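J.: mind looking at a prediction? Sequence and model below.
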Amino acid sequence: QVQLVESGGGSVQPGGSLSLSCVASRYIACMAWFRQAPGKEREAVASILRDRETTYADSLEGRFAISRDHATTYLHMYNMNPEDTAVYYCAAGVSCRSDAKQYIYWGQGTQVTVSA
């Protein structure tokens, strides 16, 4: 079992930045971030395999950055816009996939709101 605890959500103005953290109860190879906006499906944001192989959603690369320090994973978000408003979830698994169904372990989610 792996427990995941996210933190760092909140409100930010358009153009602003926000960082999220996810602490895992133990090290696991793949850590990922997903998000789900109201009325939409959960979508992959970014993932990091071990400590260096990163993958981003095409539309977010350049504005979002994922990193990790052992069992803690970070998502740094820059130049945010209202379309980034969603609940952000941390996920973990033995391999990285863009399909949310492939992940066994999930955090509780943290709300991110971008508005003026």
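T.: On my side now, so go ahead. Numbers count the residues shown, from 1 in each chain.
J.: check this protein and tell me which residue is nearest its centre.
T.: With distances taken as C-alpha atoms, centre = their mean, the residue of the chain nearest its centroid is Trp33 (2.4 Å).
J.: disregarding flanking residues, what is the spatial nearest neighbour of that residue?
T.: Val45 (4.2 Å; C-beta to C-beta, 6 or more residues apart in numbering). Using the backbone N, CA and C atoms, a C-beta is placed for each residue, glycine as well.
J.: please identify the helix or strand for the one you found.
T.: Taking DSSP states H and E as the definition, Val45 sits inside strand 43-49.
J.: which other residues reach that strand?
T.: Around strand 43-49, the neighbours that count as contacts under C-beta atoms under 8 Å, 6 or more residues apart in numbering are 29-36, 54-57, 60, 64-68, 73, 75, 88, 95-100.
J.: please pick the buried ones from the residues you listed.
T.: Buried members of the contacts of strand 43-49, scored by 16 or more other C-beta atoms under 10 Å, are 30-35, 55-57, 60, 64-68, 73, 75, 88, 96, 100.
J.: so which of those residues belong to strands?
T.: If you go by DSSP state E, the buried ones among the contacts of strand 43-49 have 30-35, 55-56, 64-68, 73, 75, 88 in strands.
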